[in-house]
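Engineer: pasting the sequence and the predicted model now:
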Amino acid sequence: MSVTINRVYTGVGDAGTTRLAGGQEVAKTDARIEAYGTVDELNAALGVVAEHVRGDDRHAVLCRAVLRIQNELFDLGGELAVLPEDRHEKQQLVTAEDASRLEAEMDAWNAELETLRSFILPGGGKTSAFLHVARTTCRRAERRLVGLHAEAPQRDVALKYLNRLSDWLFVAGRFAAKAEGEAEVLWRPGDRS
């Protein structure tokens, strides 16, 4: 699919509406816009991760995976930006294989990590902290997609993909902390020191 963008502004949004890829004008607060807008936020958060680890040999595998996931998220955003009846037959969609790949990567990384005996606080070094921000954004994107799904059913694999991705981001954060020699900060209930 090729895209040509000659002008970014259209003026359509000046009154609080926007157009779906199929041409339908909807409110910027529409559940579909909320869903793909939050997927876009997640993609931007992953862009920060990719730029932070680019060129760092400790994170070469992570960087490649994040760049792949950014493309998958663009596919998901494209899917959400059109009504199902307007979807092009060759449109790229996230797949069950994409979700399975996330699971395989998590399993491989988890095998190298110590078993968690407590919840951890988001952090564990900059890379891990950036991944935790992406994780929480992913959870919000998932909630937005579930909300859209309640109004207009979406493909189950899209829901599954975001659910797996939030787990992947958690494990990736732990793995990044280990690669950088950073200690994970365990939650200590009631600790105010």
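Structural biologist: Sure, I can see it.

Engineer: just give me the neighbour total for Thr115.
Structural biologist: Applying other C-beta atoms under 10 Å, we find 5 residues neighbouring Thr115. The way it works is simple: take the backbone N, C-alpha and C, and place the C-beta from them, glycine included.

Engineer: what about it, distance to Gly147?
Structural biologist: 35 Å (C-beta to C-beta, to the nearest Å).

Engineer: and if you look at Gly125?
Structural biologist: Taken as C-beta to C-beta, the span from Gly125 to Gly147 is 33 Å.

Engineer: more neighbours: the two, which one.
Structural biologist: Using other C-beta under 10 Å as the criterion, Gly125 and Gly147 rank with Gly125 on top: 18 against 13.

Engineer: surely the more buried one and Ala176 touch.
Structural biologist: Yes. Contact criterion C-beta atoms under 8 Å: Gly125 and Ala176 qualify, at 6.8 Å.

Engineer: show me what the lengthiest helix in the chain is packed up against.
Structural biologist: Identified as the longest helix of the chain according to DSSP state H is helix 126-151. Applying 3 or more C-beta pairs under 8 Å, 6 or more residues apart in numbering; DSSP states H and E, one finds that helix 126-151 contacts helix 31-53, helix 60-80, helix 156-179.

Engineer: switch these over to CSV; also include distance to Gln91 and mean neighbour count.
Structural biologist: CSV is the format used below for the helices and strands packed on helix 126-151 (distance: least, C-beta to C-beta, whole Å; neighbours: other C-beta atoms under 10 Å):
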stretch, distance to Gln91, mean neighbour count
helix 31-53, 14, 20
helix 60-80, 7, 19
helix 156-179, 13, 21
